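In: sequence plus predicted model, see below.
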Amino acid sequence: MAEHKTVTPYSDTETSKKGQVTKMFDKIAPYYDNLNRVLSLGIDVLWRKKAIRMLAKEKPRTILDIATGTADLAIEAARVIKPEKIIGLDISANMLKIGDEKINKYGLNDIITLELGDSENLKYQSESFDAVMAAFGVRNFENLEKGLAEMYRVLKPGGTLLVLEFSKPRHFPLKQGFNIYFKNILPVIGKIRSKDDKAYKYLYESVQVFPDYDDFISILIKLGYSQANFKVLSAGICCIYFAKK
């Protein structure tokens with residue numbers, strides 16, 4: 001499978017990207033939700049709602065939420081879609097701990113189960129889920145195509161893939177403003193709030209190298225997905241990618 005340019009959170013040549021991403025999210029987990037609201041001006045909540053409304057039209061009964069983090073997308077899906085079961089998977093135990101607290105708070109334990117695991121080596125049987133979704137997670141894969149191929153494998157025939165991910169705005173002046181904010185301002189706020197100056201610098205760098213828009217669609221088609229398309233949100237800051245197996 002083709003390799004894409006890789007950036008890592010920390011300059012640790014002895015540790016894999018996967019290991020560094022795990023360390024980063026374990027470290028910033030206590031601040032993650034609040035930081036997301038501050039850094040995105042609350043728009044990330046609206047992005048998730050829009051994505052789940054799109055998925056709801058497919059009426060999936062079983063859903064796998066890849067890189068679930070603190071389970072925001074899984075909780076939104078449980079509320080709106082009301083499926084039989086959602087499994088949220090993540091490599092960060094600290095993020096999952098916070099996710100479990102939120103699931104308990106909202107009384108969704110009978111629908112959502114969070115599990116520690118590797119998104120690029122899924123432990124689930126092939127053709128197990130009606131839908132597989134991920135919000136701001138595939139960008140952190142060590143091997144993007146391997147992760148997307150695993151998501152394809154566990155989807156049932158006719159199942160739906162939903163990916164919500166940052167993209168690079170293309171038009172003036174948002175393109176220039178986005179770069180200034182993400183590259184210079186966001187890491188400073190992130191460092192003050194989370195005490196990790198690398199995590200939000202990595203966010204900017206990882207968005208820069210991520211194959212977005214038609215490039216991401218091309219990867220999905222290459223891996224066997226059909227009806228692959230995308231919807232641009234907030235003038236290109238984010239995209240919803242939608243495909244079928």
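Out: Received it, and whenever you're ready, just let me know what you need.
In: just the helices in the protein please.
Out: Remark: helices assigned in the chain by DSSP state H are 17-39, 43-56, 72-80, 93-106, 144-154, 174-180, 186-194, 197-209, 214-222.
In: least reliable of the ones you listed by average pLDDT, please.
Out: Ranked by mean pLDDT, these bottom out at helix 186-194, with a mean of 68.
In: save the helices of the chain as CSV, and put in mean neighbour count too.
Out: C-beta here means a position set from N, CA and C on the backbone, and glycine is covered the same way. Listed next are those as CSV, based on neighbours: other Cβ atoms under 10 Å:
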stretch, mean neighbour count
helix 17-39, 18
helix 43-56, 18
helix 72-80, 22
helix 93-106, 17
helix 144-154, 21
helix 174-180, 14
helix 186-194, 17
helix 197-209, 19
helix 214-222, 16
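In: between those helices, which one is closest to Leu164.
Out: helix 43-56 (4.8 Å; Cβ to Cβ).
In: and the contacts of that closest one?
Out: 36-37, 72-73, 76-77, 80-81, 131, 133, 135-136, 160, 162, 164, 231, 233-234, 237-238, 240, 242 (Cβ atoms under 8 Å, 6 or more residues apart in numbering).
In: kindly report the same for stretch 152-162.
Out: Residues contacting stretch 152-162 (Cβ under 8 Å, 6+ apart): 51, 54-55, 58, 60, 64, 122, 124-134, 151, 220, 223-225, 240-245.
In: next, the buried residues of it.
Out: 152-156, 159-162 (16 or more other Cβ atoms under 10 Å).
In: and stretch 60-70, by the same measure?
Out: For stretch 60-70, using 16+ other Cβ under 10 Å, the buried residues are 60, 62-70.
In: what's the longest strand in this structure?
Out: In the chain, with assignment by DSSP state E, the single longest strand is strand 155-166.
In: now that strand, how far from the centre of its chain.
Out: 12 Å (Cα atoms, centre = their mean, to the nearest Å).
In: so what are the sheet partners of that strand and their directions?
Out: The strands beside strand 155-166 in its sheet (DSSP bridges) come out as strand 129-135 (parallel), strand 238-244 (antiparallel).
In: render the CA-only coordinates of that strand in PDB, please.
Out: Presented in PDB, the C-alpha positions along strand 155-166 are these (Å, rounded to 0.1, in the frame of the first residue of the first chain):
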ATOM      1  CA  LEU A 155     -18.200  -3.300   7.200                       C
ATOM      2  CA  LYS A 156     -21.100  -5.500   6.000                       C
ATOM      3  CA  PRO A 157     -21.800  -5.500   2.300                       C
ATOM      4  CA  GLY A 158     -23.800  -2.300   1.600                       C
ATOM      5  CA  GLY A 159     -22.500  -0.800   4.800                       C
ATOM      6  CA  THR A 160     -21.600   2.900   5.200                       C
ATOM      7  CA  LEU A 161     -18.300   4.600   5.900                       C
ATOM      8  CA  LEU A 162     -18.400   8.100   7.500                       C
ATOM      9  CA  VAL A 163     -15.200  10.100   8.100                       C
ATOM     10  CA  LEU A 164     -15.100  13.600   9.500                       C
ATOM     11  CA  GLU A 165     -11.700  15.200   9.100                       C
ATOM     12  CA  PHE A 166      -9.900  18.500   8.900                       C
END
